[in-house]
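Colleague: compute the structure for the input listed below.
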Amino acid sequence: MTEHTLTTCCEPPTAPDVTVRGRVDITEVEHGYRVEADVPGAGKDDVDIRFDNGALSFTATIPRSDGPEAREHLREFGPRRIEREFRLGDTVDVDGIRAEVERGVLTIHLPKVAQAKPHRIEIR
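Modeller: Okay, the predicted model is just below:
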């Protein structure tokens, strides 16, 4: 493409900073819950996770990936924030929460507290 073609057929080379409601899957597993969230371009230092009063929230701030030497022609991926919050009540063992980010997916493991886990009651 030539520069002339780019300037006549495309939008201006900027996209506004945006906050979006990211896509997630929440699965109940035997010993707790697993939250998987789409956070493309985010690393572990770009994500903030909190659990407060039975609510899990996370924010991922995805920076721009190009350097100052880059000459933009079209920008549809700008800096953005992904935010979500979910109410899980008092069934989560807060001290056992762990998380990792791998290949654009944030996975949060939320173990259930002992009394919230299903268990069989023996009849005497």
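Colleague: could you give the bridge partners of I49?
Modeller: F58 (DSSP bridges).
Colleague: that one reaches S57, doesn't it?
Modeller: Yes. Applying CB atoms under 8 Å as the test, I49 and S57 come out as touching, 7.4 Å apart. In short, each C-beta sits where N, CA and C put it, glycine included.
Colleague: who has more neighbours, those two?
Modeller: I49 (16 against 13; other CB atoms under 10 Å).
Colleague: OK, contacts around that one?
Modeller: L56, S57, F58, I97, A99, I108 (CB atoms under 8 Å, 6 or more residues apart in numbering).
Colleague: looking at the residues you listed, which one is closest to R120?
Modeller: Closest approach to R120 among the contacts of I49 (CB to CB): I97, at 26.5 Å.
Colleague: state the distance from that closest one to K44.
Modeller: In this view, I97 and K44 are 15 Å apart by CB to CB, to the nearest Å.
Colleague: for these two, indicate the residue with more neighbours.
Modeller: Using other CB under 10 Å as the criterion, I97 and K44 rank with I97 on top: 16 against 10.
Colleague: distance check, that one against T107.
Modeller: Noted for I97: a distance of 11 Å to T107, by CB to CB.
Colleague: cool, and R80?
Modeller: 20 Å.
Colleague: tell me how far the ends of stretch 46-55 are from each other?
Modeller: Stretch 46-55 has an end-to-end distance of 20 Å (CA to CA, to the nearest Å).
Colleague: do the same with stretch 22-39
Modeller: Distance across stretch 22-39, first residue to last, is 7 Å (CA to CA).
Colleague: got the contact list for it?
Modeller: If you take CB under 8 Å, 6+ apart as the criterion, stretch 22-39 is touched by 46-47, 56, 58, 60, 62, 82-84, 86, 88, 92-93, 96, 101, 104-112, 117.
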